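Asker: Please find the sequence and the predicted model below.
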Amino acid sequence: MSPKFLLDGMLGKLTRWLRICGYDTEYVRSIPDDELIQRVADRGRILLTRDRLLYRKALRAGEEAHLVLGSNEVEKLASVASRFDLSLDPGCSLCPQCGASLIAVDKQRVRDRVPIRTFEVYDEFWICRSCTKVYWRGSHWRNIQNIVKSAEMLKFSANSGEQPL
């Protein structure tokens, strides 16, 4: 079973990257630390944070947490992938925006929702079940694949799972 994560307000971009790779993530912008830790406990999630104090509080409360290391998105994604032995494979299963499931749809269904050139060039489209955003593997897809591949390669040299206190 894949881990489920809760990310604090410092990790909005990482939230999207984990969703792109198919991992269930919840993102919380700004609530007090104690509420955040309680939400982790109530929802059976693992806290991901860059806040050392919050990380220590979560551990003291008996919750699983990971202090995300790295100075860029590749390193941050590799830090999490290394710690939880995640397979990083970009797909079209979760909405990067809201985290809901994506469903493949016939391109005619999105004809009026995408630019004309996009409709003419691409054949595969997905719609988010929740926010209804439309996705396709456009010119940005190569960049997504490169970032995820770089993180996958880096995870093997990332930290051994031990966390600094």
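Answerer: Ah, there it is.
Asker: elements contacting the helix ranked longest in the chain?
Answerer: In the chain, ranked by residue count with DSSP state H as the criterion, the top helix is helix 141-155. Here helix 141-155 touches helix 12-20, helix 73-84, going by 3 or more Cβ pairs under 8 Å, 6 or more residues apart in numbering; DSSP states H and E. Using the backbone N, CA and C atoms, a C-beta is placed for each residue, glycine as well.
Asker: Just to be sure, L48 is in a strand?
Answerer: Yes - looking at L48 with DSSP: H, G, I helix; E, B strand; the rest coil, it is inside a strand.
Asker: With adjacent residues omitted, what lies nearest to R39?
Answerer: L6 (6.3 Å; Cβ to Cβ, 6 or more residues apart in numbering).
Asker: could you measure K149 against H66, distance?
Answerer: K149 sits 22 Å away from H66, going by Cβ to Cβ, to the nearest Å.
Asker: what about G70, how many residues close to it?
Answerer: 18 (other Cβ atoms under 10 Å).
Asker: any chance you could map the helices in this protein?
Answerer: Taking DSSP H to define them, one finds helices in the chain at 12-20, 33-43, 52-60, 73-84, 116-121, 141-155.
Asker: which of these is buried the deepest?
Answerer: Among the helices of the chain, the stretch with the highest mean neighbour count (mean count of other Cβ atoms under 10 Å) is helix 73-84, at a mean of 22.
Asker: Show me the chain divided up by domain.
Answerer: 5-88+140-155, 102-135 (automatic domain parsing).
Asker: Now the last one: buried residues?
Answerer: Okay, so that is domain 102-135. L102, V110, V114, T118, F119, F125, W126, I127, C128, Y135 (16 or more other Cβ atoms under 10 Å).
Asker: which residues touch the residue nearest to R39?
Answerer: Neighbouring residues of L6 by Cβ atoms under 8 Å, 6 or more residues apart in numbering: T25, E26, Y27, V28, L36, R39, V40, R43, R45, I46, L47, L48.
Asker: what is it paired to in the beta sheet?
Answerer: Judged by DSSP bridges, the bridge partners of L6 are E26, L47.
Asker: Next, find the distance separating it from I127.
Answerer: Noted for L6: a distance of 26 Å to I127, by Cβ to Cβ.
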